[in-house]
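>>> Predicted model and sequence below, questions to follow.
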Amino acid sequence: MACSDTLCRKLLDAKDTVVQPHVLYADADGATRLRIMTRPNVFVFN
């Protein structure tokens, strides 16, 4: 069984991305929402 981080990464189809905490919540209208926070896995030097 895949972990939730792997499922979120495949859902976004994002390579070289680290999935940080994700939250499943219901808003005031009663809609269920999924918030996924990500960051790049590589460092960019200027």
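Perfect, thanks for sending it. As the structure is a computational prediction, the values presented were derived from the model and not from experiment. Residues are numbered from 1 along each chain as shown.

>>> Quick check: closest non-adjacent residue to the residue most central in space within the chain.
The centre of the chain sits closest to I36, judged by Cα atoms, centre = their mean, with a distance of 3.3 Å. Closest residue to I36 in three dimensions, ignoring its sequence neighbours and counting by Cβ to Cβ, 6 or more residues apart in numbering: H22, at 4.5 Å. Using the backbone N, CA and C atoms, a C-beta is placed for each residue, glycine as well.

>>> separation between D16 and D27?
Note on D16: its distance to D27, by Cβ to Cβ, to the nearest Å, is 31 Å.

>>> ok, the helix or strand hosting the residue nearest to I36: who's next to it in the sheet?
Assessed by DSSP states H and E, H22 sits inside strand 17-26. In the sheet, strand 17-26 lines up against strand 32-40 (antiparallel) (DSSP bridges).

>>> Would you mind listing the buried residues in the strand it pairs with?
In terms of neighbour count (16 or more other Cβ atoms under 10 Å), strand 32-40 has its buried residues at I36.

>>> mean confidence for it?
Strand 32-40 shows a mean pLDDT of 83.

>>> With stretch 11-24 instead?
Mean predicted lDDT for stretch 11-24 stands at 78.

>>> so how far is it from its chain's centroid?
3 Å (Cα atoms, centre = their mean, to the nearest Å).

>>> Over to stretch 35-46?
Stretch 35-46 has its C-alpha centroid displaced from the chain centroid by 12 Å (Cα atoms, centre = their mean).

>>> ok, now stretch 4-24?
Distance, centroid of stretch 4-24 to centroid of chain: 4 Å (Cα atoms, centre = their mean).

>>> Can you give me the end-to-end span of it?
End-to-end distance for stretch 4-24: 12 Å, by Cα to Cα, to the nearest Å.

>>> Would you mind listing the buried residues in it?
Residues C8, R9, T17, V19 are the ones in stretch 4-24 that count as buried (16+ other Cβ under 10 Å).

>>> wait, which of the residues you listed is closest to P40?
Checking the buried residues of stretch 4-24 against P40 by Cβ to Cβ gives T17 as the nearest, at 6.4 Å.

>>> Thanks a lot, catch you later.
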